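K.L.:
I would like to see how this sequence folds:
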Amino acid sequence: MFGTSVHADVWGIEIVNKSKLSTGGSQLVGVTGNEMAGNNLAGNDAIGNDTISDDEISDDPVPRESAMIGRTLADSVPHFIEPPHPAPGSPNVLIVLLDDTGYAQLGCFGSDIDTPNIDRLAADGLKFTNFHVTPLCSPTRASLLTGRSPHAVGMRALSNFQTGFPNQTGHISNSAATIAEVLRSHGYGTFCVGKWHLAPMEQCSAAGPFDQWPLGRGFDRFYGFLEGETDQFHPDLVCDNHPVDPPRGPEDGYHLSEDLIDQLLRMLSNSRGVRPDRPFFAYLAFGATHAPHQAPERYLEKYRGRYDDGWDIHRQQCYERQLDKRLIPAGHTTRTPQSGSGGMGRSPREPPAFRESSAGGLRCVPRSHR
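P.N.:
This is a model prediction of the structure:
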């Protein structure tokens, strides 16, 4: 009861947590209507007569020189805590994470896949060519959100299991701060949309616990899925800390990627509409390029037949475009030989590495598995 202020209007008494009040040596008085403060309302302490010691207020966020509680209101000096607020001109921050997407699968990095919006961002900004992944879902996300080695933050592998050792706890170590936790403590609005995969799987049901879900790791809002993958047309969705159904079905044109964008835009609009002065940090982690590979039909039709020549030829073309764009140094870049092909060349008797699946998607069949 003493962790907060409790008002007992019938007696006119306000019971307060005296360890959370700063008096500067003055007496603490909790009476609002009559002189019952002398009663022993807080265990062995008589509220009306005790003086708070320095030890009792060591964790008080209110500076002692700023606030004082006297016997009467006239004897007291109030202090109002100002919440943290970023400096004027602090930027909005948006991180977009594409799952299992190769280095050369963006137009600005040599792909022939159409990514015009990303290409425009790259043309007006900076392109980095030396980002390392683990490459696994959870460890890479842990490194991205903390800026630290995944082994140092309890995520050497997928969050689907634990080993009993500190480098694999199934979640980001509580001692490691995420970007969201740091920015929120400085007044940012923080929003997470998409794939999480940073909580132990046994804790990802509606029963919780929720401390390793996005809202427990620094985000104000979350919409997406907690596990490593989900059906892109019938996803298992969570909003904040509770499961929700998709807003519509595939028969109505639903696809998870578009839903994630709509939800993030709604979150940002709600935040900016009330607090236009507050910058935001948004983390958008798509699940589309991770299994299951379920592209909308219009995308399948657009690219159908483009890669019938197979993996090796497509890989060579991407490599040549990267040389033309000077993304990789000429004469100093070697390519790993493909399994079973004896190098980059493909025997005319071998089928292409890309095959059309009966579900209408694309799948890659390694030669070593055929």
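K.L.:
Which parts of the stretch 101-250 of the chain are strands?
P.N.:
In the stretch 101-250 of the chain, the strands defined using DSSP state E, counting those that start in this stretch lie at 189-195, 221-225, 237-239, 242-244.
K.L.:
Which residues are in contact with Asp211?
P.N.:
Neighbouring residues of Asp211 by C-beta atoms under 8 Å, 6 or more residues apart in numbering: there are none. Every C-beta, even on glycine, is put in place using the N, C-alpha and C of the backbone.
K.L.:
same thing with Val77?
P.N.:
Counting by C-beta under 8 Å, 6+ apart, the residues that Val77 touches are Ser66, Ala67, Met68, Gly70.
K.L.:
Sort out which of the residues you listed are in strands and list them.
P.N.:
Among these, DSSP state E puts none in strands.
K.L.:
What's the PyMOL syntax to select whichever of those residues are buried?
P.N.:
Those of the contacts of Val77 that count as buried under 16 or more other C-beta atoms under 10 Å are selected in PyMOL with:
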select buried, resi 67+68
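K.L.:
ok, the contacts of Val77 vs Lys325, which is closest?
P.N.:
Ser66 (58.1 Å; C-beta to C-beta).
K.L.:
buried residues in stretch 208-222?
P.N.:
Under the neighbour-count criterion of 16+ other C-beta under 10 Å, stretch 208-222 has Phe210, Gln212, Trp213, Pro214, Leu215, Gly216, Arg217, Gly218, Phe219, Asp220, Arg221, Phe222 buried.
K.L.:
I'd like the contacts of Val77 as TSV, with pLDDT and distance to Ser143 appended.
P.N.:
Formatted as TSV, the contacts of Val77 follow (pLDDT from 0 to 100; distance: C-beta to C-beta, whole Å):
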residue	pLDDT	distance to Ser143
Ser66	79	41
Ala67	88	42
Met68	90	48
Gly70	93	53
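K.L.:
Could you export the contacts of Val77 as a markdown table, including distance to Leu183?
P.N.:
Listed next are those as a markdown table, based on distance: C-beta to C-beta, whole Å:
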| residue | distance to Leu183 |
| --- | --- |
| Ser66 | 26 |
| Ala67 | 28 |
| Met68 | 34 |
| Gly70 | 39 |
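K.L.:
Pick out the most distant pair among the contacts of Val77.
P.N.:
Ser66 and Gly70 (14.3 Å).
K.L.:
pretty sure Pro150 contacts Ala142?
P.N.:
Yes. Applying C-beta atoms under 8 Å as the test, Pro150 and Ala142 come out as touching, 4.8 Å apart.
K.L.:
more neighbours, the two?
P.N.:
Shown here are Pro150 and Ala142; by other C-beta atoms under 10 Å, Ala142 has more neighbours (29 against 22).
K.L.:
nearest spatial neighbour of that one, skipping sequence neighbours?
P.N.:
Nearest non-adjacent residue to Ala142, counting by C-beta to C-beta, 6 or more residues apart in numbering: Met155, 3.8 Å away.
K.L.:
Against Gly102, how distant is that neighbour?
P.N.:
From Met155 across to Gly102, the span is 23 Å (C-beta to C-beta, to the nearest Å).
K.L.:
quick one, which of the two is more surrounded?
P.N.:
Comparing Met155 with Gly102 by other C-beta under 10 Å, the one with more neighbours is Met155, at 32 against 12.
K.L.:
if I pick that one, what's in contact with it?
P.N.:
Residues near Met155 by C-beta under 8 Å, 6+ apart: Ser138, Pro139, Arg141, Ala142, Asn167, Gln168, Thr169, Gly170, His171, Ile172, Leu198.
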